[in-house]
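>>> Okay, structure incoming, though there's no sequence with it:
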């Protein structure tokens, strides 16, 4: 199981029509336990338990409170979150009941092998999720069954008015109800696959050698990079819309650079003419643009890779005519001193030339929607001669906007996008 993984697919089911092979298989019922149950990734993970029997870990349809120590515990989730209940069901029982998974004749993997695969994939995927991890830390929405829904509807609300100040509360309030405008967020599946022959799998078992997870690590890393690119906006999915334009204002998936309601500053000084004082002043100007729309932070400043060499330099004040003054800090450290900016970071995948992103990191602006953590599934093809292993997840950034005041004519997001033109 070797080779370089360079193909990651993002599949959708939009308005009942599949986009991508995995979406088509799901919609056709190929990966379905039964029509009334729907798709469950657990049916593609047959496992050999200590009793030597094959099991599938599938959802029961119930939601339970999440607690540490429970089999259903989701890593990094706080206690009490509602999560889908799962149970190990003997494969033979499912067959006897007339529910035959697509993997009923697939070679099951031992529990420790699945654990090794999952550990490798999660570790590899976390290496490149810098912007996404900031979203998760700021505001995360998870604990739901992402496979059972294809989109999330959310409302943008206007300000309901001003408060009154009087001595006896007899002054009439405005009694204005806020106006709502719905958006819809598609939930795509990000996935990448690898293959291993049945003979090689048998050799691994008979020789007692652990399964090589290198290619699956690459799959996890490529999926993570795709999610990071979507979050930044280097991969533009704003045109992959769902729902009707008459029912929803925003229907695509937006990144920091593509959020339609972001605030823009188009007069940054190019890095080729870099002056430390000018750069700091322009970052402050971006913060003021956000404050003018009532976004007060906390902010994270992301800068593209072209700025890195300049922000590592000493912070120098003045011009050559005035005499240079070197302050005992780098330009990066000086930017970190700006009030309201809690973090300044370069993103490895933010390769656009001379761009800055100032993002308000709270629930008013950002949310990380996590419908399915990175999961590895498997099935066989070519008459069982080859085992397909696929890393898949349902993760998408939800970048929000709000109306300015009591009118629906202006929407603004707490993201300031700085460019040179």
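Sure, I can see it. As the structure is a prediction and not an experimental result, all values here were calculated from the model.
>>> Quick check: mean pLDDT of stretch 146-153?
Averaged over stretch 146-153, pLDDT sits at 79.
>>> Same check on stretch 60-77?
If you average the pLDDT over stretch 60-77, you get 57.
>>> again with stretch 271-286
94.
>>> now swap in stretch 398-411 and tell me
For stretch 398-411, mean pLDDT rounds to 74.
>>> gap between the two ends of that stretch?
One end of stretch 398-411 to the other measures 15 Å (Cα to Cα, to the nearest Å).
>>> now stretch 254-268
This stretch, stretch 254-268, spans 23 Å end to end (Cα to Cα).
>>> List the buried residues in that stretch.
Judged by neighbour count (16 or more other Cβ atoms under 10 Å), stretch 254-268 contains these buried residues: 254, 255, 256, 257, 258, 259, 261, 262, 263, 265, 268. C-beta coordinates here come from the backbone N, C-alpha and C atoms, glycine included.
>>> Make TSV from those and add secondary structure and pLDDT to it.
Shown next, in TSV, are the buried residues of stretch 254-268 (DSSP: H, G, I helix; E, B strand; the rest coil; pLDDT from 0 to 100):
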residue	secondary structure	pLDDT
254	coil	93
255	coil	94
256	coil	96
257	coil	96
258	coil	94
259	coil	93
261	coil	91
262	coil	94
263	strand	95
265	strand	96
268	coil	96
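>>> Report the two of those separated the most.
Within those, 254 and 268 form the most distant pair, 21.5 Å apart (Cβ to Cβ).
>>> Quick check: buried residues in the helix ranked longest in the chain?
If you go by DSSP state H, the chain has its longest helix at helix 214-232. Across helix 214-232, burial judged by 16+ other Cβ under 10 Å covers 215-232.
>>> buried sites along the helix or strand where residue 56 lies?
Per DSSP states H and E: residue 56 is located in strand 54-65. By neighbour count on 16+ other Cβ under 10 Å, the buried set for strand 54-65 is 54, 55, 56, 57, 58, 59, 63.
>>> from what I can see residue 416 touches residue 266, true?
No - contact criterion Cβ atoms under 8 Å: residue 416 and residue 266 do not qualify, at 11.2 Å.
>>> State the number of residues packed around residue 325.
Residue 325 has 9 neighbours, counted by other Cβ atoms under 10 Å.
>>> Model confidence score at it, please.
Residue 325 is assigned a pLDDT of 76 by the prediction.
>>> ok, it to residue 309 distance?
In this view, residue 325 and residue 309 are 21 Å apart by Cβ to Cβ, to the nearest Å.
>>> Could you say which helix or strand holds residue 193?
Using DSSP H and E, residue 193 falls in strand 189-197.
>>> for the stretch 251-400 of the chain, what spans make up the strands?
Here the stretch 251-400 of the chain has its strands, by DSSP state E, counting those that start in this stretch, at 263-265, 299-303, 314-317, 325-330, 341-346, 356-360, 366-381, 386-399.
>>> mind putting those strands in CSV, distance to residue 144 included?
Shown next, in CSV, are these (distance: least, Cβ to Cβ, whole Å):
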stretch, distance to residue 144
strand 263-265, 31
strand 299-303, 26
strand 314-317, 47
strand 325-330, 43
strand 341-346, 29
strand 356-360, 25
strand 366-381, 6
strand 386-399, 10
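>>> among the ones you listed, which is the most enclosed?
Highest mean neighbour count among the strands of the stretch 251-400 of the chain (mean count of other Cβ atoms under 10 Å): strand 356-360, with a mean of 26.
>>> Skipping adjacent residues, who's closest to residue 299 in space?
Excluding the flanking residues, the one nearest residue 299 by Cβ to Cβ, 6 or more residues apart in numbering is residue 341, at 4.9 Å.
>>> what does residue 239 give?
Closest to residue 239 by Cβ to Cβ, 6+ apart is residue 252, at 6.2 Å.
>>> What is the burial count for that neighbour?
For residue 252, the count of nearby residues is 18 (other Cβ under 10 Å).
>>> what about residue 226, distance to residue 257?
15 Å.
>>> swap in residue 351?
11 Å.
>>> Can you pull the residues that touch both of those two?
Shared contacts of residue 351 and residue 257 (Cβ atoms under 8 Å, 6 or more residues apart in numbering): residue 234.
>>> can you give me the helices for this structure?
Shown for the chain, the helices assigned by DSSP H span residues 21-28, 91-96, 111-126, 130-138, 198-206, 214-232, 276-292, 308-311, 331-336.
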